[in-house]
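In: Sequence unavailable; structure follows:
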């Protein structure tokens with residue numbers, strides 16, 4: 001039996017993946033982050049405590065789970081060390097891939113320069129520039145921290161390159177601080193604390209499979225931000241899809257079993273880019289305020305709108321979703337009517353798929369009855385009839401079963417069908 005399951009976002013990120021990972025992590029031996037960096041933010045609420053995770057996998061709350069930050073990620077050592085301070089039992093429970101790439105201060109400076117030239121709406125954490133160095137084959141990997149003098153010589157040579165000198169001049173013109181080699185040395189010195197956690201995580205996962213241990217892969221961001229299949233150029237810099245989980249861990253495609261696509265009951269997006277169902281009126285503001293739609297990482301207000309089934313069906317096909325987890329159903333409580341986008345209109349033609357050319361897209365809505373009092377519901381049959389109809393409609397449209405429903409912020413406010 002395949003022992004690897006996957007949780008993947010099927011919107012523009014911020015879907016609530018952390019809550020679902022936390023919900024089912026107790027059933028797994030390994031929880032693995034396979035792409036992205038500390039631009040991601042997974043929030044878990046338990047009782048009166050809210051825990052925001054950025055790099056550490058969401059299984060960290062379960063003592064028996066081993067948590068892996070895999071090779072497909074990019075890691076800012078200072079950010080990871082800061083996050084680790086919230087825990088006192090990480091030895092033997094947290095592992096970092098030797099092959100994961102480093103984010104350093106100059107990556108963050110370059111990110112800020114690029115946003116000044118052309119705003120994409122990134123978090124400014126240096127994620128894109130670190131992936132750029134990776135693809136250009138001039139990046140530094142976590143395993144290189146074990147020989148810091150050799151690593152610093154490599155970084156110095158990179159900083160002396162013409163392209164980096166050009167960035168330094170641009171930084172001056174935009175009044176953006178650009179780090180010195182001494183400042184980078186200090187960060188590399190601090191990062192030595194991570195050496196006990198750095199290992200060959202791919203071999204660990206292969207051994208886990210050989211021992212019939214169960215593995216859960218946890219993605220960051222969402223499918224519509226995928227570098228290849230998302231709303232380019234307003235995307236992230238890695239593959240956020242199920243296929244990216246294989247490259248980002250070293251696990252083969254035929255090991256994947258359950259693929260759980262996570263969506264909200266409505267849509268949100270942070271940053272720039274196409275958002276066909278965005279509502280800039282009362283409905284959008286209602287969803288933002290009631291859903292507390294402000295970024296875990298940046299605090300930025302999220303753009304909000306009705307559920308986009310065209311984008312959702314696209315994401316389900318791209319990932320091969322076997323089931324859907326729908327979050328924040330309770331946020332729709334109190335809406336008299338609820339709209340669902342079932343097609344687009346573009347230049348007089350109806351589209352049932354997400355097109356390459358986003359210009360002049362207009363959503364075509366189906367209007368459904370609203371409901372009251374889904375919040376805190378623990379079983380599907382207890383949901384208001386209109387809420388049940390909403391779920392059934394989504395299943396009919398996507399051809400994928402909705403197996404999880406979140407009806408509140410707490411980890412226990414979840415229906416499992």
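Out: Happy to help now that I have it. None of the values given here were measured: they were computed from a predicted structure. Numbers count the residues shown, from 1 in each chain.
In: Now for residue 15: which residues touch it?
Out: Contact criterion Cβ atoms under 8 Å, 6 or more residues apart in numbering gives 9, 222, 262-264, 327 as the residues in contact with residue 15. (Each C-beta comes from the backbone N, C-alpha and C, glycine too.)
In: same check, this time on residue 134
Out: Residues in contact with residue 134 (Cβ under 8 Å, 6+ apart) are 74, 101.
In: Counting neighbours, what do you get for residue 61?
Out: 18 (other Cβ atoms under 10 Å).
In: Once you drop chain neighbours, what's closest to it?
Out: Of all residues not flanking residue 61 in the chain, residue 22 sits nearest, at 6.3 Å (Cβ to Cβ, 6 or more residues apart in numbering).
In: Against residue 290, how distant is residue 330?
Out: From residue 330 over to residue 290 the distance is 9 Å, taken as Cβ to Cβ, to the nearest Å.
In: how about residue 152, secondary structure?
Out: Following DSSP: H, G, I helix; E, B strand; the rest coil, residue 152 is assigned to helix.
In: what's the burial count for it?
Out: Residue 152 is flanked by 17 other residues according to other Cβ under 10 Å.
In: now the host helix or strand of residue 365, how far from the centre of its chain.
Out: If you go by DSSP states H and E, residue 365 is part of strand 362-369. Relative to its parent chain, strand 362-369 has a centroid offset of 27 Å by Cα atoms, centre = their mean, to the nearest Å.
In: For it, buried residues please.
Out: Across strand 362-369, burial judged by 16 or more other Cβ atoms under 10 Å covers 363, 365, 368.
In: Next: stretch 144-153.
Out: 144-145, 148, 151-152.
In: got it, and stretch 224-235?
Out: For stretch 224-235, by 16+ other Cβ under 10 Å, it's 224-227, 229-231, 234-235.
In: so which two of those residues are the farthest from each other?
Out: The distance between the two most remote of the buried residues of stretch 224-235 (Cβ to Cβ) is 13.0 Å, for 229 and 234.
In: hang on, the earlier thing: following the strand holding residue 365, which helix or strand comes up?
Out: Following strand 362-369 in sequence order, the next helix or strand is helix 385-398 (DSSP H and E).
In: who touches that next one?
Out: Here helix 385-398 makes contact (Cβ under 8 Å, 6+ apart) with 265, 307, 309, 312-313, 316, 321, 324, 326, 329, 332, 338, 340, 342, 366, 368-371, 374, 380, 383, 401-402, 405.
In: Mind giving me the packing neighbours of the helix or strand that it is followed by?
Out: Once the chain leaves helix 385-398, the next helix or strand it forms, by DSSP H and E, is strand 402-406. Where contact means 3 or more Cβ pairs under 8 Å, 6 or more residues apart in numbering; DSSP states H and E, strand 402-406 is packed against helix 17-24, strand 323-327, helix 385-398, strand 414-416.
In: hang on, the earlier thing: what does the strand holding residue 365 contact?
Out: By Cβ under 8 Å, 6+ apart, the residues outside strand 362-369 that reach it are 276-277, 306, 308, 337-346, 350, 386, 389-390, 393.
In: Over to stretch 63-72?
Out: With contacts defined as Cβ under 8 Å, 6+ apart, stretch 63-72 is touched by 25-26, 28-35, 55-57, 59-60, 75, 80, 89, 92-100, 201-202, 204-205, 238-239, 244-245, 247-250.
In: out of those, which are buried?
Out: Neighbour counting by 16+ other Cβ under 10 Å classes 25, 28-35, 55-57, 59-60, 75, 80, 93-100, 201-202, 204-205, 238-239, 244-245, 247-250 among these as buried.
In: Alright, that wraps it up for me.
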